[in-house]
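> My questions are about this predicted structure, shown below with the sequence.
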Amino acid sequence: MSKIKTGAYTAEAERGFDHRTAMEEAARCLLCHDAPCSAGCPAGTDPGKFIRSIRFRNPKGAAETIRENNVLGGTCARVCPFDRLCEEACSRCGIDRPIEIGKLQRYAVEQEKAFRMKILKKPRSNNGFRVACVGAGPASLACAAELAKAGTKVTIYEREQKAGGVLTYGITPARLPQKVVDWDIKSVEGLGVEFVFGAEIGGAKKGALTAEDLLAKEGFHAVFLGVGLWKSGTAGVPGEDLKNVLRAVDFLKQARTRGGFPQMQGKKVVVIGGGDVAMDCATTARLQGADVQIWYRRTIGEAPANMDEIRYALDLGIGLTQNFAPKAFTGKGGKVEYAVFQGRDGKSEAKVACDYAIFAIGQQAEDIGAVVSGAATTGKGCVAIRGGGRTSVKGVFAAGDITNGGSTVVEAVKEGKEAAQAILRYLNKGVK
Ligand SMILES: Cc1cc2nc3c(=O)[nH]c(=O)nc-3n(C[C@H](O)[C@H](O)[C@H](O)COP(=O)(O)OP(=O)(O)OC[C@H]3O[C@@H](n4cnc5c(N)ncnc54)[C@H](O)[C@@H]3O)c2cc1C
Ligand code: SF4
């Protein structure tokens, strides 16, 4: 297996456009009147408009189009599944190949940063309302930005020490450098949104507030829940509680907060799953110098992971075995030694030596009852909503992964914005 260079963990997986290549790509755009690319974006960004600005050498106009619509424009430029959204809808697909909209968006946001443009500004007047957002992931950040633009005073309560949610504590920095996330968050701060870190709403610590406390005791007029899904699913097979059988989000979080997972260097790692989370776990382990194998219960064609992520994993020398599901783990001295897989045909079996196994087979909701009591939930423990984010509890709204069961960053942004509109409607009905 090829050696991994030192520092590869944080090195960017893909280079962006320089001025010349951005201009060349923008020049391929047909400037369609009906811009189907725009209809393909869940957050409603208008690529046709910002590509036109790039083409006419107006980087500020391009950055404005992106940032005013999507406060996480820099992040989305890195992690959106473009091939299934705007690029799939692009008119050039019928001629040769779609415009590389994602890379052009990345270029525009890089220009915004390079020239220190300050596009979103704190509004001069306020509407007299105060809203608390729980969690500082994409859904809350988008909701908070929308509310702040309307003159609402917003405080975000986050249990970790940094904002970003999965962007900061999950997705591998090779795909999404922290500086890109931080630049997006700066735009939210620029709107006057306040952050309280190390504050777990409904947490076990003495004096921890609940959503009800935020409304009744802290004087907020509404509460938004954007808490995401932080419990990892497992297969419920024998031996999964052995040492070094890890859960995806715990592993990724530890890798990101401690600057990697150096103890994996030269070790055999088995990753179980076929989604983006599995690819991030596999590439993160590989970039620590581990010998990594992905095992997936279906075929690559059925895998939910983005094709580019699968390709990136394979390019790094990671092996992928399809049609095998975990059956058991065996170990010595309480530590995992082998992962046993069962073939989809029901007959084949494989016993694989490993020092670590990582489960990346889906995320689940934590106990939402601790955060807000009595909120109606779906069968999977997610918060049930209607009308753009209203929960069954008066004054409490929700969006993002905790309501949709796990989707994408751009969906969380879209839903966070919709919830902000629902909150403003609720507030303007005279809740004060
Ligand atoms: C490893 C991984 C890779 C992914 N890759 C992609 C990708 O490439 N492209 C893509 O579009 N999507 C990807 N996703 C999905 C995407 O990241 C999520 O859909 C998105 O982050 C959801 O945003 P959210 O705000 O709902 O939740 P989160 O991002 O989970 O944020 C929730 C925040 O709430 C905080 N919190 C939770 N409970 C409390 C509490 N009680 N009190 C205070 N704070 C609390 C958490 O600490 C966290 O900061 C990936 C997900 C994972 C896990
Ligand atoms: S659909 Fe494609 S070609 Fe048409 S405006 Fe959008 S990016 Fe340009």
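That came through fine. Being a predicted model, the structure only gives us computed values, none of them experimental. Ligands and ions are numbered 1, 2, ... in the order given.

> Can you give me the buried ones in stretch 42-49?
The neighbour-count criterion (16 or more other Cβ atoms under 10 Å) identifies 42, 43, 45, 46, 47, 48, 49 as the buried residues of stretch 42-49. Any C-beta I mention is one placed from the backbone N, CA and C, and that applies to glycine too.

> what does the stretch 201-350 of the chain put close to ligand 1?
Neighbours of ligand 1 within the stretch 201-350 of the chain, by Cβ under 6 Å from any ligand atom: 201, 202, 226, 227, 228, 230, 249, 252, 276, 277, 280.

> ok, back up a step: can you lay out the buried residues of stretch 42-49 as TSV showing secondary structure and pLDDT?
As requested, the buried residues of stretch 42-49 are exported to TSV (DSSP: H, G, I helix; E, B strand; the rest coil; pLDDT from 0 to 100):
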residue	secondary structure	pLDDT
42	coil	94
43	coil	93
45	coil	93
46	coil	94
47	helix	95
48	helix	94
49	helix	95
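
> Return the closest of those with respect to ligand 1.
residue 42 (9.9 Å; Cβ to the nearest ligand atom).

> Look up the closest residue to the closest one, ignoring the ones flanking it.
The shortest distance from residue 42 to any non-neighbouring residue, by Cβ to Cβ, 6 or more residues apart in numbering, is to residue 414 (4.5 Å).

> Please name every helix or strand in contact with the helix or strand harbouring that neighbour.
Remark: residue 414 resides in helix 409-428, with elements defined by DSSP states H and E. The helices and strands touching helix 409-428, judged by 3 or more Cβ pairs under 8 Å, 6 or more residues apart in numbering; DSSP states H and E, are helix 73-79, helix 138-149, strand 222-225, strand 396-398, helix 401-404.

> Distance check, the closest residue to ligand 1 within the stretch 251-400 of the chain against ligand 2.
As assessed by Cβ to the nearest ligand atom, ligand 1 sits closest to residue 400 within the stretch 251-400 of the chain, at 2.3 Å. Distance, residue 400 to ligand 2, using Cβ to the nearest ligand atom, to the nearest Å: 27 Å.

> give the contact list for the closest residue to that residue other than its chain neighbours.
What sits nearest to residue 400 in space, not counting adjacent residues and going by Cβ to Cβ, 6+ apart, is residue 139, at 2.7 Å. Residues in contact with residue 139 (Cβ atoms under 8 Å, 6 or more residues apart in numbering) are 165, 226, 228, 399, 400, 401, 402, 412, 413, 415, 416, 419.

> Residue 235 is in contact with residue 324, isn't it?
No. Applying Cβ atoms under 8 Å, one finds residue 235 not in contact with residue 324, separated by 11.9 Å.

> more crowded one of the two?
Between residue 235 and residue 324, counting by other Cβ atoms under 10 Å, residue 324 is the more crowded of the two (22 against 15).

> Hmm, residue 296 and that one touching each other?
Yes. Shown here, residue 324 and residue 296 form a contact pair, counting by Cβ under 8 Å, at 7.4 Å.

> need the contact list for residue 402.
Residues counted as contacts of residue 402 (Cβ under 8 Å, 6+ apart) are 139, 225, 226, 227, 228, 229, 365, 368, 382, 383.

> Most neighbours out of these, which is it?
Neighbour counts for these, by other Cβ under 10 Å, peak at residue 139, which reaches 33 neighbours.

> Quick one: neighbours of residue 97, just the number.
Residues within reach of residue 97, counting by other Cβ under 10 Å, total 10.

> What separation do you get for it and residue 278?
When distance is defined by Cβ to Cβ, to the nearest Å, residue 97 is 28 Å away from residue 278.

> can you pull the contacts of the residue of the stretch 301-432 of the chain found nearest ligand 2?
Evaluated by Cβ to the nearest ligand atom, the stretch 301-432 of the chain has residue 410 as its residue closest to ligand 2, separated by 16.5 Å. Residues counted as contacts of residue 410 (Cβ under 8 Å, 6+ apart) are 41, 42, 43, 70, 76, 80, 85.

> My read is that residue 146 contacts residue 417, right?
Yes. Here residue 146 lies in contact with residue 417, judged by Cβ under 8 Å, at a distance of 5.0 Å.

> Just the residues of the stretch 201-350 of the chain next to ligand 1: which are in strands?
Secondary structure defined by DSSP state E assigns none of these to strands.

> Among the residues you listed, which one sits closest to residue 116?
Using Cβ to Cβ, residue 226 comes nearest to residue 116 of these, at 28.5 Å.

> contacting residues for the closest one?
When contacts are counted by Cβ under 8 Å, 6+ apart, residue 226 touches 133-141, 143, 165, 398-400, 402, 412, 416.

> And it, its phi and psi?
According to degrees, to the nearest 10, the main-chain angles of residue 226 amount to phi -130, psi 60.

> Need the contact partners of stretch 32-52.
Counting contacts by Cβ under 8 Å, 6+ apart, the residues outside stretch 32-52 that touch it are 26, 29, 31, 61-63, 65-66, 69-70, 73, 76, 85-91, 99, 101, 104-105, 108, 408, 410-411, 413-414, 417.

> Does ligand 2 have contacts with that stretch?
Yes. Against ligand 2, stretch 32-52 shows contacts by Cβ under 6 Å from any ligand atom at 32, 35, 36, 37, 47, 48, 51.

> Next SSE downstream of the helix or strand bottoming out on mean pLDDT in the chain?
Across the helices and strands of the chain, mean confidence by mean pLDDT, DSSP states H and E is lowest for strand 231-232: a mean of 88. Later in the chain than strand 231-232, the nearest helix or strand by DSSP H and E is strand 245-247.
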